[in-house]
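A.B. asks: would you be able to build a 3D model of this:
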Amino acid sequence: MEAISPWKDTLKHLRKNRFAFAGLVIIIFFILLGLFAPLLTSHGFEDQDLVNRLQPPSVEHWLGTDDLGRDIFTRIAYGARVSLQVGFFAVTGALVFGTLLGIIAGYFGRWVDMLISRVFDILLAFPSILLAIAVVAILGASLENALIAIAIINIPIFGRLVRSKVISLREEEYIMAAKAQGMKNGRIIFHHILPNSAAPIIVQSTLGFGTAILDAAALGFLGLGAQPPTPEWGKMLADSRDFIQLAPWTLIVPGVAIMLVVLGFNLIGDGLRDALDPKMKN
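C.D. replies: Okay, the predicted model is just below:
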């Protein structure tokens, strides 16, 4: 029988998952929409046309216009850039710091583990959105500070996940054998611990994208995220609250965009979890 690497086996099972494939299609669509926004739109996201404000979807404005006459499709397309960038950088920051702290706590244990775990417990004691609001209130309302806040609230999630995995791995026989051979801790961590902890980290990273985009939209809705005229979906929802009955498309379109992106990442995350879990494969 031909040997199959774990990653090839994972991709094989992932391709068979229709829901994961649907999620991938949704995410690719929004990535392409954001990348090619200047080519797909004929209006600027800042262009105002007060004469044609609150116009319903038409040939000229595919998704209608908002209260300032700005083309909603254009703002959705450019807003995809903002939301996906926030998700990527926030999750990357949380992944790097959370994984590092989780490995240190789980591998070395003792007082180091106790100190880091208490920090995680303190961060997790606050509702995530309230903690993000507090961080942004201290740093100031901006997209960059919202990104930092979202990364901070996700660090303990990655940290506790990695810590629990490392605690179970450090007692394995091959880790004991590596220590007996005189292998240094750094090499053990990067050659044995980290590769064997990759599966849950990948799944949590994928699911974390959706959570980060939701948090960014929530901060934008409260006026603590991206500031005008940046076309951020949460801010678009906030601006359209007064026109729910008069122009419902101004609220529905950004809401559906947020829902689809979060759904796409959740579907991919569920598919990866099933593909990386041997029990689910069987």
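A.B. asks: where does the prediction get shaky in the protein?
C.D. replies: Along the chain, the model assigns pLDDT under 70 to residues 1-11, 277-282.
A.B. asks: show me where it has helices.
C.D. replies: Chain-ordered helices for the chain, with DSSP state H as the definition, fall at 6-15, 18-35, 37-40, 72-108, 110-125, 128-139, 143-169, 173-180, 185-188, 194-196, 198-221, 233-239, 249-276, 278-281.
A.B. asks: need these in CSV (columns: mean neighbour count and distance to residue 48).
C.D. replies: Placement of C-beta: from N, CA and C, glycine included. Rendered in CSV, the data for the helices of the chain read as follows (neighbours: other CB atoms under 10 Å; distance: least, CB to CB, whole Å):
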stretch, mean neighbour count, distance to residue 48
helix 6-15, 14, 45
helix 18-35, 16, 22
helix 37-40, 13, 18
helix 72-108, 22, 12
helix 110-125, 13, 42
helix 128-139, 17, 28
helix 143-169, 22, 21
helix 173-180, 12, 62
helix 185-188, 12, 57
helix 194-196, 14, 51
helix 198-221, 23, 20
helix 233-239, 24, 13
helix 249-276, 21, 14
helix 278-281, 9, 51
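A.B. asks: in a markdown table: the ones you listed, plus distance to residue 55.
C.D. replies: Conversion of the helices of the chain to a markdown table gives the following (distance: least, CB to CB, whole Å):
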| stretch | distance to residue 55 |
| --- | --- |
| helix 6-15 | 43 |
| helix 18-35 | 21 |
| helix 37-40 | 19 |
| helix 72-108 | 9 |
| helix 110-125 | 46 |
| helix 128-139 | 34 |
| helix 143-169 | 28 |
| helix 173-180 | 65 |
| helix 185-188 | 61 |
| helix 194-196 | 54 |
| helix 198-221 | 24 |
| helix 233-239 | 16 |
| helix 249-276 | 9 |
| helix 278-281 | 49 |
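A.B. asks: residues in contact with residue 77?
C.D. replies: When contacts are counted by CB atoms under 8 Å, 6 or more residues apart in numbering, residue 77 is found next to 33, 34, 37, 40, 41, 45.
A.B. asks: same thing but 7 Å
C.D. replies: With contacts defined as CB atoms under 7 Å, 6 or more residues apart in numbering, residue 77 is in contact with 33, 34, 37, 40, 41.
A.B. asks: redo those as TSV? Include distance to residue 227.
C.D. replies: Written out in TSV, the entries for the contacts of residue 77 read as follows (distance: CB to CB, whole Å):
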residue	distance to residue 227
33	22
34	19
37	19
40	25
41	21
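A.B. asks: closest to residue 202 out of those?
C.D. replies: Using CB to CB, residue 34 is the member of these that sits closest to residue 202, with 22.9 Å.
A.B. asks: surely the closest one is in contact with residue 84?
C.D. replies: Yes. Taking CB atoms under 7 Å as the definition, residue 34 is a contact partner of residue 84 at 5.9 Å.
A.B. asks: count of residues packed around the closest residue to residue 133 other than its chain neighbours?
C.D. replies: Counting by CB to CB, 6 or more residues apart in numbering, residue 133 lies nearest to residue 224, which is 6.3 Å off, once chain neighbours are set aside. A count of neighbours around residue 224, defined by other CB atoms under 10 Å, yields 24.
A.B. asks: and the one 4 residues further on, by the same measure?
C.D. replies: The number of residues packed near residue 228 is 11, by other CB under 10 Å.
A.B. asks: what residues are up against it?
C.D. replies: Applying CB under 7 Å, 6+ apart to residue 228 gives no contacts.
A.B. asks: one more: residue 210?
C.D. replies: With contact set as CB under 7 Å, 6+ apart, residue 210 has these partners: 262, 265, 266.
A.B. asks: in this structure the last one contacts residue 206, no?
C.D. replies: So the one you mean is residue 266. No. Because the distance of 8.4 Å does not satisfy CB under 7 Å, residue 266 is recorded as not touching residue 206.
A.B. asks: ok, so of the contacts of residue 77, who is nearest residue 103?
C.D. replies: When the contacts of residue 77 are compared for distance to residue 103 (CB to CB), residue 34 wins out at 33.3 Å.
A.B. asks: ok, that closest one - contacts?
C.D. replies: Contact analysis of residue 34 by CB under 7 Å, 6+ apart lists 77, 80, 81, 84.
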